[in-house]
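Peer 1: sharing a model prediction with you, sequence too.
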Amino acid sequence: MQITAILFDIDGTLVDTNDMHVLAWEEVFAGVGATFDRQVIHDQIGKGTDMLVPTLLPDADEDQQDALGEAHGEIFKAKYLDTAKPFAQAHALLAHAHGLGQKVVLASSASESELEQYIDLLDARDLIAATTSSDDVEKTKPAPDIFATALKKLPGIDPGNVIVVGDTPYDIEAAAKCGIAAVAVRSGKFEDAQLQSAGAVAIYDDVAALLAGYATSPLGR
């Protein structure tokens with residue numbers, strides 16, 4: 001099997017933002033009188049609002065979910081987005097895949113506006129073949145919509161020749177629902193056991209480690 005396209009998650013995978021999202025959600029929940037341990041919130045990072053909020057606040061109706069999601073977006077953009085940094089070698093990994101002729105896709109549960117900022121942050125505009133964001137789908141990860149939409153933007157490419165790179169169990173679960181294998185990175189601070197039980201075919205410390213071992217990794221085989 002030769003990998004012809006790679007679907008990259010962004011938050012926690014290419015850009016170091018998971019802890020920032022935890023703090024933003026903590027502030028949002030505090031605003032409605034809800035308190036959660038930060039680890040509890042962290043364990044939901046990787047999902048979009050539509051999946052995260054019902055897990056932690058199951059009694060919230062759709063309007064409340066939307067309001068909380070908007071509040072999170074505003075807090076994240078106001079306090080954290082401009083300080084977000086790519087992980088070491090993130091741009092180099094995308095450039096390496098692109099240089100090998102593999103199609104590079106950014107497939108994120110982030111909003112379109114956040115995605116646009118991340119593309120510039122990663123200096124990746126000339127490297128990517130397609131993108132998907134939460135604005136493109138009805139349901140975010142771990143639902144398959146993000147990756148299924150990405151596949152539709154890659155006509156003629158078989159899912160068996162595609163691989164996902166992500167940092168959360170939700171990336172891996174969403175990929176599996178589309179028939180796509182997934183490689184995990186530890187930079188999002190999920191435990192190996194969580195990533196393995198979700199079905200990760202390999203685990204690397206971060207994208208720098210993945211780049212260093214690219215030729216023998218599932219991406220390069």
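Peer 2: Yep, that arrived. Quantities reported herein were computed from a predicted structural model and do not represent experimental measurements.
Peer 1: ok, which stretches of this protein are helices?
Peer 2: 18-31, 38-42, 49-56, 62-79, 90-99, 112-121, 145-152, 169-177, 192-198, 207-212 (DSSP state H).
Peer 1: so the third one versus helix 169-177, what angle?
Peer 2: With axes from the mean of the first three to the mean of the last three CA atoms, to 10 degrees applied, the angle from helix 49-56 to helix 169-177 works out at 120 degrees.
Peer 1: quick check: angle from helix 49-56 to helix 18-31?
Peer 2: 60 degrees.
Peer 1: what residues does helix 49-56 touch?
Peer 2: Residues outside helix 49-56 that contact it (CB atoms under 8 Å, 6 or more residues apart in numbering): 25, 29, 34, 36, 40-41, 44-45, 47, 60, 64-66, 68-69, 72, 134, 139-143, 170. The way it works is simple: take the backbone N, C-alpha and C, and place the C-beta from them, glycine included.
Peer 1: so for Ile10, which of the helices of the chain sits nearest?
Peer 2: helix 112-121 (5.2 Å; CB to CB).
Peer 1: report the buried residues of that closest one.
Peer 2: Glu114, Leu115, Gln117, Tyr118, Ile119, Leu121 (16 or more other CB atoms under 10 Å).
Peer 1: between these, which is closest to Ala174?
Peer 2: Closest to Ala174, out of all of the buried residues of helix 112-121 and judged by CB to CB, is Leu115, at 16.4 Å.
Peer 1: which of the helices of the chain is buried the deepest?
Peer 2: Of all the helices of the chain, helix 169-177 has the most neighbours on average by mean count of other CB atoms under 10 Å, namely a mean of 25.
Peer 1: who's in contact with that helix?
Peer 2: 7, 9, 13, 46-47, 51, 109, 141-148, 164, 166, 181-182, 184, 190, 194-195, 197-200.
Peer 1: that one vs helix 145-152, what angle?
Peer 2: Using the same axes, to 10 degrees: helix 169-177 against helix 145-152 is 50 degrees.
Peer 1: ok now helix 169-177, how far from the chain's centre?
Peer 2: 10 Å (CA atoms, centre = their mean, to the nearest Å).
Peer 1: convert it to PDB, retaining C-alpha atoms only.
Peer 2: The C-alpha coordinates for helix 169-177 follow below in PDB (Å, rounded to 0.1, in the frame of the first residue of the first chain):
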ATOM      1  CA  PRO A 169      -8.700   9.000  20.200                       C
ATOM      2  CA  TYR A 170     -11.400  11.000  18.400                       C
ATOM      3  CA  ASP A 171      -9.200  11.500  15.300                       C
ATOM      4  CA  ILE A 172      -8.500   7.800  15.200                       C
ATOM      5  CA  GLU A 173     -12.100   6.700  15.700                       C
ATOM      6  CA  ALA A 174     -13.300   9.100  13.000                       C
ATOM      7  CA  ALA A 175     -10.700   7.800  10.600                       C
ATOM      8  CA  ALA A 176     -11.700   4.200  11.300                       C
ATOM      9  CA  LYS A 177     -15.300   5.000  10.500                       C
END
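Peer 1: if anything else comes up later, I'll come back, but that's it for now.
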